[in-house]
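**Student:** got a predicted structure plus its sequence, pasted below:
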Amino acid sequence: MAKSKETFSKKEKEKLKAKKKKEKLIRSEERKANAGGGGLDSMMAYVDEFGRIVDAPIDPSTRVEIDAESIEIGIPRREESDEDEATDSGTVIFFNDSKGYGFIKDKASGENIFVHAANLSQPIAERDEVTFDKSRGQKGWVAMNVKIVPKASPSLT
């Protein structure tokens, strides 16, 4: 007699396959029964003028027309103000001679301003009182035309 081609593991695999197919069919029927319906309209979302996602379409009567010519793209030109032209004063809080840069603490604003050796009229050191012009650099304010304030000698009276 020849051996049967149906082995136990083959039978178990067939049972498992049939069970999975039956479960899949049941799940698909449940999805169809529970579907809210509505089709594409229920899946649509709209964005209002404030960037919020809403379910209802936006009312065209509330729409505001914007003149495209009035929109500026980029950075507007900066106009020179009196603040930019005024000479500021401060104290050198750090300066590295070998690297050629340092920082000055502005007396008026209290912020640290970058200074490069190329912008010095004379050598400076830490704790020197200086005057300078501020200009806007790539990463913030930069001190230009840095000069040491001469120290007043104490009078003997």
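**Tutor:** In hand now; what should we look at? Residues are numbered from 1 along each chain as shown.
**Student:** the bottom helix or strand of this structure by mean pLDDT?
**Tutor:** Least confident helix or strand, the chain: helix 82-85 with a mean of 50, by mean pLDDT, DSSP states H and E.
**Student:** need the next SSE after it, C-terminal direction.
**Tutor:** strand 87-96 (DSSP states H and E).
**Student:** where does this protein have low pLDDT?
**Tutor:** In the predicted model, the chain carries pLDDT under 70 at residues 1-4, 36-38, 76-86, 153-157.
**Student:** repeat that with 90
**Tutor:** For the chain, the stretches flagged by pLDDT under 90 are 1-8, 31-51, 54-88, 108-109, 121-122, 137-140, 150-157.
**Student:** helices and strands around the longest helix belonging to it, which ones?
**Tutor:** Selection of the longest helix in the chain by residue count, based on DSSP state H, yields helix 8-34. If contacts are counted by 3 or more CB pairs under 8 Å, 6 or more residues apart in numbering; DSSP states H and E, helix 8-34 sits against no helix or strand. Yep, even glycine has a C-beta here, placed from its N, CA and C like the rest.
**Student:** okay then, goodbye and thanks.
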